[in-house]
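Asks: Structural data only, the sequence is not supplied:
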């Protein structure tokens, strides 16, 4: 295990988890368990940058842990933990805040997009420094992210270099990992918008816990492009291209193979086959989800908390010592 590269990624406990979350993040974590030491973090501290109802936050935190376990995150191979249960995250986050120019935070795309909203709080501005702490505490080698998060990994590397230059070699500089074909799974009702678990139209996404008939119906009514040819072209056929990316990732079949497979067959047959493929993958996940109890979930999180606390705590102690803080 010590020779394996470390991967850290986080997911917020909010909304209705859909296939975009699965293909763009969770599926990657499960596959990386074979080759990396995976730290799968439930990012509840990041979630409260938007006001949360306390009881719903607790419920969603357990719910996403249950989803991750059902999808294949194995507590024997990975460290599954809740961010807020590891105090080192906020402590290192504060230290990194003192190394971060305000201008660096204000130029972040996500902040610029959201700052016009009424009631934006300081947590949204400081989100990237906490994210940097998340990553650096575990000496992460790679961090799977969407393209909109690459800026944050660049800032993390910058902060690691700043700390190391000022106080001595402490933090490893991580690299981002973007799975190009599924980093942005688009909405079923509008291929120009990213699939969102907070969407008002439930037909715009496939939830991981949608029943088979619901999945088939949503795929059947998903928007398509003019014509009938199943061909990949993001410019002229964005809707069918989105569905083809989804098909490819669920089935393991390449985009060119899909074009050949459905040559001359049209959208209807393609959609029916896509639904079958998705149901075949999601049904076992749903069965595992139903079997898992709250006791199972809490036991897995407790195990992860112990492992994460030990590693993060050691990193924090070293960083504080080098920065001049008195030992506890």
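Replies: Everything's here; your move. This is a predicted model, so every value here is computed, not measured. Numbering: from 1, shown residues only.
Asks: avg pLDDT for stretch 56-71?
Replies: Mean pLDDT, stretch 56-71: 97.
Asks: pLDDT below threshold where in the stretch 51-200 of the chain?
Replies: Along the stretch 51-200 of the chain, the parts satisfying pLDDT under 70 run over 117-119, 180-183.
Asks: all strands for it, in order.
Replies: Per DSSP state E, counting those that start in this stretch, the stretch 51-200 of the chain carries strands over the ranges 79-82, 142-144, 175-177.
Asks: Quick check: residue 233 touching residue 241?
Replies: Yes. In this structure, residue 233 is within contact of residue 241 by CB atoms under 8 Å, at 6.2 Å. (Glycine included, C-beta is placed from N, CA and C.)
Asks: between those two, who's got more neighbours?
Replies: Per other CB atoms under 10 Å, whichever of residue 233 and residue 241 has more neighbours is residue 241, with 20 against 12.
Asks: if I look at the more buried one, how far off is residue 191?
Replies: From residue 241 over to residue 191 the distance is 8 Å, taken as CB to CB, to the nearest Å.
Asks: returning to what we had before: tell me which of the strands of the stretch 51-200 of the chain sits nearest to residue 278.
Replies: With distances scored as CB to CB, the stretch of the strands of the stretch 51-200 of the chain nearest to residue 278 is strand 142-144 (21.5 Å).
Asks: who's in contact with that closest one?
Replies: With CB atoms under 8 Å, 6 or more residues apart in numbering as the test, strand 142-144 has contacts from 5-9, 25, 28-29, 32, 36, 135, 153, 156, 174-179.
Asks: ok, now with 6 Å
Replies: For strand 142-144, the surrounding residues in contact (CB atoms under 6 Å, 6 or more residues apart in numbering) are 7, 8, 9, 28, 135, 153, 174, 175, 176, 177.
Asks: Nearest to residue 197 among these?
Replies: Nearest member of the contacts of strand 142-144 to residue 197, counting by CB to CB, is residue 9, at 16.6 Å.
Asks: In a strand, that closest one, correct?
Replies: Yes. Counting by DSSP: H, G, I helix; E, B strand; the rest coil, residue 9 is located in a strand.
Asks: That one: neighbouring residues, count only.
Replies: 23.
Asks: Chain neighbours aside, what residue packs nearest to it?
Replies: Computed as CB to CB, 6 or more residues apart in numbering, the closest residue to residue 9 that is not its neighbour in sequence is residue 144, at 4.8 Å.
Asks: which residues in the stretch 101-250 of the chain form helices?
Replies: Counting by DSSP state H, counting those that start in this stretch, the stretch 101-250 of the chain has helices at residues 102-106, 109-114, 122-136, 150-167, 212-221, 238-251.
Asks: Could I get those in CSV, plus columns for distance to residue 314?
Replies: Output for the helices of the stretch 101-250 of the chain, formatted as CSV (distance: least, CB to CB, whole Å):
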stretch, distance to residue 314
helix 102-106, 28
helix 109-114, 31
helix 122-136, 13
helix 150-167, 16
helix 212-221, 45
helix 238-251, 37
